[in-house]
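S.K.: Requesting a structural model of the entry that follows:
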Amino acid sequence: MIIKYDFLSKISGEILEVEVNNELGMIIKQLELDEFNLNRKETRRHEQLSVIDPNGTMVAVNGNILDDMLKNELHKQLHDSIEKLNFDQKELLLRVYINGEKQKDIAKSLNISERAVSGRLKTIYKKIEKFLKNKIGRASCRERVCTD
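M.R.: Model (predicted):
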């Protein structure tokens with residue numbers, strides 16, 4: 001039986017072939033198969049950890065799980081509140097917080113005063129605050145088994 005060692009091909013570009021008797025060849029093949037299966041098993045095991053956290057966020061070993069859950073819930077509620085805003089309000093938030101534009105530049109591009117931009121942002125903040133208060137109020141009401 002001929003055994004090929006191609007690990008050398010990465011170094012020198014050659015494949016080394018060694019002739020061994022059938023009994024030793026079968027043992028080597030079985031060892032290679034066992035190593036392959038073990039590596040595959042370990043890889044599967046590690047990939048399955050992603051199933052534990054469907055959001056794709058990893059929980060820190062030393063972290064507080066309850067704090068992480070509350071932060072994730074608050075993030076979801078904030079996202080929901082932003083979705084309730086109209087297109088212009090979303091665009092203004094995008095320009096200020098994502099693009100990092102200054103209120104002065106936004107006002108100039110919209111042909112409005114800086115005070116108007118500031119006022120629009122305050123309106124957005126109030127809407128988000130109202131939405132979050134309503135969400136939190138309903139959540140605490142459910143815990144006390146209230147009826148609306």
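S.K.: Please make it C-alpha for all contacts and neighbour counts, starting now.
M.R.: Fine.
S.K.: which is the next helix or strand following the lowest-mean-pLDDT helix or strand in the chain?
M.R.: One helix or strand of the chain scores below all others by mean pLDDT, DSSP states H and E: strand 2-5, with a mean of 68. Sequence order places strand 16-19 as the next helix or strand after strand 2-5, per DSSP states H and E.
S.K.: Output the contacting helices and strands for that following strand.
M.R.: On a contact count with 3 or more C-alpha pairs under 8 Å, 6 or more residues apart in numbering; DSSP states H and E, strand 16-19 meets strand 2-5.
S.K.: Can you spell out which helices and strands pack onto the helix ranked longest in the chain?
M.R.: Counting by DSSP state H, the longest helix found in the chain is helix 114-143. Helices and strands touching helix 114-143, by 3+ C-alpha pairs under 8 Å, 6+ apart, are helix 65-83, helix 87-93, helix 103-110.
S.K.: Distance to Asn39 and mean pLDDT added to the ones you listed, as TSV?
M.R.: Formatted as TSV, these follow (distance: least, C-alpha to C-alpha, whole Å; pLDDT from 0 to 100):
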stretch	distance to Asn39	mean pLDDT
helix 65-83	31	84
helix 87-93	48	92
helix 103-110	56	93
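S.K.: and Leu121, which of the ones you listed is closest to it?
M.R.: In terms of C-alpha to C-alpha, the element of the helices and strands packed on helix 114-143 nearest to Leu121 is helix 87-93, at 7.7 Å.
S.K.: what sits up against that closest one?
M.R.: The contact list for helix 87-93 (C-alpha atoms under 8 Å, 6 or more residues apart in numbering) reads 82-83, 120-121, 124.
S.K.: Now the residues you listed in TSV, please, with extra columns for distance to Glu73.
M.R.: Converted to TSV, the contacts of helix 87-93 look like this (distance: C-alpha to C-alpha, whole Å):
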residue	distance to Glu73
Ile82	14
Glu83	15
Arg120	26
Leu121	24
Ile124	20
